[in-house]
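Colleague: The following block contains a protein sequence and its predicted model.
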Amino acid sequence: MSPSRSIRIVGDLSTLPESASGPRHLVWWGNIGFMVIEGTGFALAAAAYLYLMTQAPAWPPKGDALPGLLWSAIFTIGLLLSAVPNVWVLRCARKKHLSGVRWGTLAMAVIAALLFIPRAFEFAHLGISWHQDAYGSIVWTLLVLHTTHVVTDWFDTVVLGVWLFTHEVGDDQFADVEDNSNYWTFVILCWLPVYALIYWAPRAL
Amino acid sequence: MTADATLIERLDERWRDPPGLRGFLTTVDHKRIAARYIVTALFLMFLAGMLALDMRWQLSVAENTRMSPQLYNESFSLHGSTMLFLVSVPLMEAMAFWLVPLMLGTRNMAFPRLGAFSFWLYFGGVLTLWIAHAIDITPDLGWFEYPPLSGPSYSPGHRADIWAQMITFTEVAALAASVNVAATILKMRPPGMTLTRMPVFLWAMLIASIMTILSMPAVMLVTSMLIADRLVSTHFFSPAGGGDTLLFQHLFWFFGHPEVYIIFVPATGFISSIVETFSRRTLFGHAALVLSMISIGALAFGLWVHHMFAVGLPRLGNDFYTAASMAIALPAGLQIFCWIATIWLGRIRLATPMLWILGFVATFVIGGLSGVMTASAALDLQLTDTYFVVAHLHYVLIGGAIFPLLGAFAYWYPKATGRLMSERWGKVAFVLIVGGFNLGFMPMHFLGLMGMPRRVYTYPPGMGWETLNQVATAGSAIAVAGGLVFVGNALWAYWRGQPAGDDPWGGSTLEWASPSPPPPYNMAHVPVVHGLTPMWDDAGRLDVMDGLRPDRREVLVTSVTDAIPLYRQKSAAPSIWPLLAALAVSAMFIGSIFTPWAIVVGAAPVAATLTGWFWPSRPRSRSGPLGVNA
């Protein structure tokens, strides 16, 4: 089964490392790919919001209450503050600091879980149901999409965190922690335009 | 020298699938996964062809009674949905899955288990649509199901839901495949294959993957909105609740137009490979071809409104999209000229794969010209919803994508199977398919200009449409007969064909350096590339690098622009988890047709199977509070 073409060996790869970090790592690119998919999904949902807004005579439509600002502000501040420990975990991963990534990832799982509380109240204070009108439908869509985002990354963080404690941690695992941190940064960045649309676009008109 | 026998033996042992059913269900070999995609999609193409033939039978005579209006609606909906979502795009992805690692001289895709997951989920989409058809829940509103017709008021029952959810299946599969293909091409190129030395085929697959990543979320979003309108009474598309039906069309075509190019751009990759090999010279205008593809990829996102000229949008909008639609003819034309220049300057060899390319050029140019006609908003208003559009879309999709695909099939068949297809029967199939196709679809231009509307199950006598319809029906039958000859040739060659050897055509790119059929690890060593046509650069010899470990599944990861070796990456072993994860996702998707709670309840098995998928194979920790002490 050997190829008939003759070969000439011109180099040896056995001295190369078995892992890498950041954009040198293959999985980093897979992570970016899924971020682009989800980012496109958010951009299109935002476009749908703006489209419906431009078609409506009033926004929110007459009779609909404005979404509440308190819990969304608490969620937003909490989410922004979570960037601090998140960046710390990222640095630990880059420095291959074992106990730092273990406890830091665990802390991030707890922080994400705590954010579910203001998020639940946000739903309760949207002031509209999804089946009332198109405004309600698109507002709920945006918030459900972002909540799915938070829940998915929270679950990912929990599983990763547990394995960091139970199994050996090598270079590939530090790269995983780095990817997970980058993903949380993406969750934070996605929220800002969504927050502006849900809570401030109706007030701007 | 050649690769040493002990190394081959060790690689074979490491990369071989488990035997029997276990291997079948757990394989992550990109070639096996791609072959499944291809066989499934070709079988579906046969079924869709049968539906087409049945519809042509119905239309061959005025006031024919072979089909009821309902059956006709179901037939064209099933035909269009199958061909667009379950055949064309998946076939192009499958070709990428099969060829990209071979052309890179690497051992597998970047994410092998994601590849397996992608296929199983696609297969779930196939079963969703066709099992629903078997139990008479066939979608009946065309391949794009516009609300309000597809909304809860006008389409009770689950036909529209089946269509919408089949799309979710196939789009998740396509997105997973695209990330995989893009990461493989960007990070797993062999040393020396800088971006400027990357074959046009790989550029085509990279660009199509990026286009998929940027466009498919639109159709997933819009079909999810449709399901929400139908299931939980949202109002996205109901004007009474402040919604807007045109939002559906915008989002659908924001995906739908790039989709056409997601099908066409990979075909340009096939064409470039075949033209190069059978002209026996390096492609003329490599940079021009790549830049054309990139501009087609970008322009494709600015054209979608030309599918909506008839809905009454502002004039300025129509003018912009008319201009943009005509602009895309420039890069497409440039590509054609590059291929013609390559043929002109080379020494052409008219084997079957090359014949398909000539068939493509003639047919696609006709489709392109009718495209320039329909790109004009004023003319389109007259032509929309007539058979002219049916003719145009088949000329561009069949001529532009399926003909190159059949050429690609004939070209790479000996690599995949180790045997040659018969040239004589290949030519018979070519003449029947190209001749039958043109006989079938050319008259539709005239029928359209005479005013025959599309999507009607019959027409009254005395309209003057009967003769042309009968010619079209005869053409379709001839093309289907040609298809059967093509498949028969492939099947016969599989068992009885002449042995092909490693490189029967004198190909230019790296896939021809591996044995035919390629072993599970593809190539024993990592090739080193010095130019655009590595197989022609050092006649008879291949520079390679040694040093990937044979005792574990390992691949080389290189840098994005210059393909400098960076590190050795562990490659995933066979696993049952991608199949289980696909089953869990399928259950969630199917359940969500009936109740929104399926998403909440169904998330648990999805999470569980994904956790199993990534379960660590490394040893238990010896440090920390949960460590096990040695």
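Modeller: On my side now, so go ahead. Numbering: from 1, shown residues only, chains lettered A, B, ... in the order given.
Colleague: how about the closest residue to B:G501 other than its chain neighbours, what does it touch?
Modeller: In space, and not counting its chain neighbours, B:G501 is closest to B:S516: 6.7 Å by Cβ to Cβ, 6 or more residues apart in numbering or on different chains. (Glycine included, C-beta is placed from N, CA and C.) Shown in contact with B:S516 (Cβ atoms under 8 Å, 6 or more residues apart in numbering or on different chains): B:P414, B:K415, B:A416, B:T417, B:G418, B:A500, B:G501, B:D502, B:P504.
Colleague: Ok, B:L226 next?
Modeller: Taking Cβ under 8 Å, 6+ apart, we find B:L226 in contact with B:E145, B:P147, B:S150, B:G151, B:A160, B:A164, B:F236, B:F237, B:F248.
Colleague: ok, now B:S215?
Modeller: Under the criterion of Cβ under 8 Å, 6+ apart, the contact list for B:S215 reads B:F254, B:F255, B:P258, B:E259, B:I262, B:F301.
Colleague: so what secondary structure elements neighbour the helix or strand containing B:G80?
Modeller: Using DSSP states H and E, B:G80 sits in helix B:69-81. Counting contacts by 3 or more Cβ pairs under 8 Å, 6 or more residues apart in numbering or on different chains; DSSP states H and E, the secondary-structure elements packed against helix B:69-81 are helix B:30-59, helix B:112-134, helix B:159-187.
Colleague: Can you say which of those is packed in most?
Modeller: Across those, the average number of neighbours (mean count of other Cβ atoms under 10 Å in any protein chain shown) peaks for helix B:159-187, which reaches a mean of 26.
Colleague: Can you report how many residues neighbour B:A604?
Modeller: Counted with other Cβ atoms under 10 Å in any protein chain shown, the neighbours of B:A604 add up to 11.
Colleague: Now do the SS call for it.
Modeller: In three-state terms, and counting by DSSP: H, G, I helix; E, B strand; the rest coil, B:A604 is helix.
Colleague: ok so, going back, can you tell which of the helices and strands packed on helix B:69-81 is closest to B:V487?
Modeller: helix B:30-59 (7.4 Å; Cβ to Cβ).
Colleague: by how many degrees do the closest one and helix B:159-187 diverge?
Modeller: In this structure, helix B:30-59 runs at an angle of 140 degrees to helix B:159-187, with axes from the mean of the first three to the mean of the last three Cα atoms, to 10 degrees as the basis.
Colleague: returning to that earlier point: of the contacts of B:L226, closest to chain A?
Modeller: For the contacts of B:L226, the minimum distance to chain A (Cβ to the nearest Cβ) is 5.4 Å, reached by B:F236.
Colleague: That closest one in helix, strand or coil?
Modeller: Classification of B:F236 into helix, strand or coil gives coil, according to three-state DSSP.
Colleague: who are the neighbours in contact with residue 62?
Modeller: If you meant another chain, say so; for now it's chain A. For A:K62, no residue meets the contact criterion (Cβ under 8 Å, 6+ apart).
Colleague: Actually, chain B is the one I wanted.
Modeller: Each residue near B:A62 by Cβ under 8 Å, 6+ apart is listed here: B:T458, B:Y459, B:P460, B:P461, B:G462, B:M463, B:W465, B:E466.
Colleague: wait, is it part of a helix?
Modeller: No: secondary structure of B:A62 (three-state DSSP): coil, not part of a helix.
Colleague: Quick check: chain neighbours aside, which residue is closest to it?
Modeller: B:P461 (4.0 Å).
Colleague: do A:F34 as well
Modeller: Closest residue in space to A:F34, ignoring its immediate chain neighbours: B:V179 at 6.3 Å, by Cβ to Cβ, 6+ apart.
Colleague: pLDDT value on that neighbour, please?
Modeller: Reading off the confidence values, B:V179 has pLDDT 98.
Colleague: ok, now which ones touch it?
Modeller: If you count contacts by Cβ under 8 Å, 6+ apart, B:V179 has them with A:G30, A:G33, A:F34, A:I37, B:F111, B:L114, B:S209, B:I213.
Colleague: Same question for B:G302.
Modeller: Under the criterion of Cβ under 8 Å, 6+ apart, the neighbours of B:G302 are B:Y321, B:A324.
Colleague: Next one: it from B:V389, what distance?
Modeller: Computed as Cβ to Cβ, to the nearest Å, the B:G302 to B:V389 distance reads 20 Å.
Colleague: Now do the helix or strand in which A:A43 is found against helix B:159-187: the angle between them, please.
Modeller: Using DSSP H and E, the secondary-structure element containing A:A43 is helix A:26-55. For the pair helix A:26-55 and helix B:159-187, the angle between their directions (the same axes, to 10 degrees) equals 140 degrees.
Colleague: Quick one: name whatever helix or strand follows helix A:26-55.
Modeller: Downstream of helix A:26-55, the first helix or strand assigned by DSSP H and E is helix A:70-81.
Colleague: From A:G33, how far off is the residue of the stretch 501-630 of chain B found nearest chain A?
Modeller: When scored by Cβ to the nearest Cβ, the stretch 501-630 of chain B has B:G547 as its residue closest to chain A, at 3.4 Å. As defined by Cβ to Cβ, B:G547 lies at a distance of 29 Å from A:G33.
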